[in-house]
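next come a sequence and a model predicted from it.
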2 protein chains.
Amino acid sequence: MERIPILKMGKFLLVTIQVDMHDRLAMTLQDDLTNRIVRDRASGVLIDISALDVVDSFIGRMISNTAAMARVLDADTVLVGMRPAVAITLVELGLTLDGVKTALNVERGMALLTRDFDRLIE
Amino acid sequence: MERIPILKMGKFLLVTIQVDMHDRLAMTLQDDLTNRIVRDRASGVLIDISALDVVDSFIGRMISNTAAMARVLDADTVLVGMRPAVAITLVELGLTLDGVKTALNVERGMALLTRDFDRLIE
């Protein structure tokens, strides 16, 4: 497995992280995602981490960076599916995930993005 | 990683296969998916295999079995994101994926399921 798939759902892109992140995979993901945001004219990115037991500082930073890249390409990022244990670890590690919104699951994440999107074009 | 996440999207469930399947993982997925179909009253299952370079007879059979299980629980299965090379291999291996519909990507798969669902309740 050399890349993480990016799925298009309407105006949004969905990324499900299931495997251990390493440097090269994270870079490939950021590269693919930024390209897809532009190509698909996506207005939002959903990152699902429900498969992750642990979010360490490397993944935390990777998510923040990805959100920052999406931001400058005019797309919001919502992190979904965080496990309770991961939330505890994040706070204990002092990771704040700047600029990243969170939602309980994909459906709520999409609702959040849709509301933001609707407010934007009103 | 001990299980593959199942995401709920409206009436449908989405499974993205990114890792090499082995016996235990496949059984866990089938167990989780059948439970989720019942719990979420899902009417369709989308299995995304865009991350897979190779679909061997084990994965092919696993997908067919999963579709058959979904079928008896009154949910349709659509396989999405198949790479051209995988399609070639499937035919060369003689794998027919009985009872599994296919679509180019998640969006078209959802459209297919929605159309089927609409026709059902007409």
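Done, it's in.

any buried residues in the least confident helix or strand in chain A by mean pLDDT, and which?
Using mean pLDDT, DSSP states H and E, helix A:106-121 stands out as the lowest-scoring helix or strand of chain A, at a mean of 82. Neighbour counts over helix A:106-121 (16 or more other CB atoms under 10 Å in any protein chain shown) mark A:106, A:109, A:110, A:112, A:113, A:117 as buried. For the C-beta atoms, the positions are set from N, CA and C on the backbone; glycine is no exception.

name all residues that make contact with residue A:38.
Counting by CB atoms under 8 Å, 6 or more residues apart in numbering or on different chains, residue A:38 touches residue A:73.

helix, strand or coil for it?
State at residue A:38, reduced to three classes by DSSP: H, G, I helix; E, B strand; the rest coil: helix.

out of the buried residues of helix A:106-121, who's near chain B?
Among the buried residues of helix A:106-121, the residues that sit close to chain B (CB under 8 Å from any CB of the partner chain) are A:106, A:110.

wait, which of the buried residues of helix A:106-121 is closest to residue A:60?
residue A:109 (18.1 Å; CB to CB).

how close does the residue nearest in space to the middle of chain A sit to residue B:63?
Nearest residue to the geometric centre of chain A (CA atoms, centre = their mean): residue A:47, 3.0 Å. Using CB to CB, to the nearest Å, residue A:47 is found at 26 Å from residue B:63.

tell me the bridge partners for residue A:102.
residue A:79 (DSSP bridges).

host element of the closest residue in space to residue A:58 that isn't next to it in sequence?
Excluding the flanking residues, the one nearest residue A:58 by CB to CB, 6 or more residues apart in numbering or on different chains is residue A:21, at 6.6 Å. Assigned by DSSP states H and E, residue A:21 belongs to no helix or strand.

widest-spaced pair of the buried residues of helix A:106-121?
Taking CB to CB, no two of the buried residues of helix A:106-121 sit farther apart than A:106 and A:117, at 15.8 Å.

need the residues of chain A near chain B, please.
Going by CB under 8 Å from any CB, the residues of chain A near chain B are A:1, A:3-5, A:7-10, A:14, A:16, A:18-20, A:48, A:50-51, A:81, A:105-107, A:110.
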